[in-house]
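> Please find the sequence and the predicted model below.
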Amino acid sequence: MMPVDEWTWGHKPGGYNGVHTREGCLLWCTDRHHTLEGGGASKQSFSDFMNDEPPVSVPPEIRAHAAGRAG
């Protein structure tokens, strides 16, 4: 089993954005601290990540870490 990596960015009082590898793929998410605001998530396979853009805007340094895991 692959080790799990997790990265977060865009921390604000209302929440943050992140990605993790817990499910054998990249799970891009928005987490809101106030549950009434909701949140969202989108799965992306490692091969799709290497061939396409992530489904969300990602800082270059986090994108490079995720690419290292996918490659």
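Now that the structure is in, tell me what you want to look at. Residues are numbered from 1 along each chain as shown.
> element containing the most centrally placed residue in the chain, please.
The chain has Val19 as the residue nearest its centroid, 1.8 Å off, counting by Cα atoms, centre = their mean. In this structure, Val19 sits in strand 15-20 according to DSSP states H and E.
> From the rest of the structure, what touches the helix or strand following that strand?
Once the chain leaves strand 15-20, the next helix or strand it forms, by DSSP H and E, is strand 26-32. Applying Cβ atoms under 8 Å, 6 or more residues apart in numbering, the external contacts of strand 26-32 come out as 14-21, 38-46, 49, 54-56, 58, 66, 70. The C-beta positions use only the backbone N, C-alpha and C, and glycine is treated the same way.
> For the buried ones among the residues you listed, write the corresponding ChimeraX selection.
A single ChimeraX command selects the buried members of the contacts of strand 26-32 (16 or more other Cβ atoms under 10 Å):
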select :15,17,18,19,20,21,44,46,49,54,56,58,66,70
